[in-house]
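Chemist: give me the fold of what follows.
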Amino acid sequence: MRVFFFTMMLMLAGCKQAGPDPEQLAKEKAQKMQHQSEILQWRAERIEKLKQPDGWLSLVGMHWLPQGVTRVGSGPANGTRIKVGPANLGLITTNKRNQIWLQPDALAGLSIDGKPMTGRTELIPDTRGTPTVVGLNGGRASFIVIERGGRLALRVRDADAPTRVQFTGIDSFPIDRKFRVEAEFTPHEAGRTIDVVNILGMVEPMMNPGTVRFKIGEQEFVLETIDEGDHRLFLVFADRTSGKQSYAAARFLYAEFPGSDGKTIVDFNMTYNPPCAFSAFSTCPMPPPENRMDIAITAGEMKPRKIAP
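Modeler: All right, here's what the predicted structure looks like:
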């Protein structure tokens, strides 16, 4: 009888020890709440940035420029006809080195980086630093020069674009800490690039600093990263939700460059739609083959809501 009683006491003690640790549960709950707060704040900031007059929702045109001289404006007589701005904006000249100048029409009322434009001005494309912003319609519209695949184009914005004015938000998957993972960064040799195809079919070499390796559940993944020059790891990927719950072509995600331990956090809850999900006038990179994941990443942004025509 004593042996039975002693055995039962040991079993009860073992059960008590095997139960959940209240301190650990409280710590995990606090971490979950903090993570949710961080993601909700990130989503709010993302929406506000997207809604800005010069955000991706305001795109209304992308016009490839011929080499030489072309007249630009919204009128029908122009070689490059844009949707907004004066009927006769001015003359654009390009050369074989992809330098570009704008000679404004006397009555165009243009601005350069927020200041009145007074004469012929060289325009800086987005591949050579901060692009020159040419303001139209009193600043409600604008364009910059972009360079893709060795070609120059005007990227035109309008604060009154239907895609911006009618924007009602972005749907997202529920926040799930399962998709916040620690990743091991493996660097490539210095200066390595990866050929990335954009949505227009152009191939562009991009800086490829290394890979991130991580697990989601029992599945292991190795993704190639891109360095856009801001000392962050840029991930372009597709997964089993692509074309179903999420945008078909790709989704984007940033991670911090690793510390001395070679580790970083990849949080798919901060996955977002590329500009081409909202506009046909963008040139988004597509995922390299290595970044097509055989798993449904049910985290981050979902397909954009449709805008009424």
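Chemist: contacts, neighbours, all on C-alpha from now
Modeler: OK.
Chemist: any stretches of this protein with poor pLDDT?
Modeler: Low-confidence segments of the chain, defined by pLDDT under 70, span residues 1-19, 308-309.
Chemist: in it, which helix has the most residues?
Modeler: helix 22-50 (DSSP state H).
Chemist: from the chain's centroid, how far away is stretch 169-179?
Modeler: With CA atoms, centre = their mean, to the nearest Å as the basis, stretch 169-179 stands 16 Å off its chain's centre.
Chemist: what's in contact with it?
Modeler: By CA atoms under 8 Å, 6 or more residues apart in numbering, the surrounding residues in contact with stretch 169-179 are 32, 35-36, 39, 47, 216-217, 266-269, 297-305.
Chemist: just the buried ones from these, in ChimeraX syntax?
Modeler: Per 16 or more other CA atoms under 10 Å, the buried members of the contacts of stretch 169-179 correspond to this ChimeraX selection:
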select :35,36,39,266,267,268,269,297,298,299,300,301,302,303,304
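Chemist: list the ones among the contacts of stretch 169-179 that fall in helices.
Modeler: Short answer: the contacts of stretch 169-179 in helices (DSSP H) are 32, 35-36, 39, 47.
Chemist: let me have these in CSV, extended by distance to Glu147.
Modeler: Formatted as CSV, the ones in helices among the contacts of stretch 169-179 follow (distance: CA to CA, whole Å):
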residue, distance to Glu147
Lys32, 43
His35, 38
Gln36, 39
Ile39, 34
Ile47, 27
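Chemist: quick check, Pro209 in contact with Arg192.
Modeler: Yes: using CA atoms under 8 Å, Pro209 and Arg192 qualify as a contacting pair, with a distance of 6.7 Å.
Chemist: helices of the protein, residue ranges please.
Modeler: Secondary structure of the chain (DSSP H): helices located at 2-18, 22-50, 162-165.
Chemist: quick check: buried residues in the longest one?
Modeler: Spelled out, that is helix 22-50. The neighbour-count criterion (16+ other CA under 10 Å) identifies 35-36, 39, 43, 50 as the buried residues of helix 22-50.
Chemist: from the chain's centroid, how far away is it?
Modeler: Its chain's C-alpha centre and that of helix 22-50 lie 21 Å apart, by CA atoms, centre = their mean.
Chemist: same question, stretch 90-97
Modeler: In terms of CA atoms, centre = their mean, the centre of stretch 90-97 is set 30 Å apart from its chain centre.
Chemist: quick one: contacts for Ala161?
Modeler: 57-60.
Chemist: switch to 10 Å and redo it
Modeler: Ala161 makes contact with 53, 57-60, 141, 167 under the criterion CA atoms under 10 Å, 6 or more residues apart in numbering.
Chemist: only alpha carbons, please: show stretch 252-271 as CSV.
Modeler: The C-alpha trace of stretch 252-271 is given here as CSV (Å, rounded to 0.1, in the frame of the first residue of the first chain):
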residue,chain,number,x,y,z
PHE,A,252,8.4,41.1,-52.4
LEU,A,253,10.1,41.0,-48.9
TYR,A,254,13.0,42.7,-47.2
ALA,A,255,15.2,41.3,-44.5
GLU,A,256,18.0,43.0,-42.6
PHE,A,257,21.6,42.2,-43.5
PRO,A,258,22.9,39.6,-41.0
GLY,A,259,25.0,40.5,-38.0
SER,A,260,28.3,38.9,-37.1
ASP,A,261,26.6,35.6,-36.4
GLY,A,262,25.4,35.3,-40.0
LYS,A,263,21.7,35.2,-38.9
THR,A,264,18.8,37.3,-39.9
ILE,A,265,15.0,37.2,-39.5
VAL,A,266,12.8,36.6,-42.6
ASP,A,267,9.2,37.6,-41.7
PHE,A,268,6.8,36.6,-44.4
ASN,A,269,4.1,38.6,-42.6
MET,A,270,5.8,41.6,-44.2
THR,A,271,5.5,40.2,-47.7
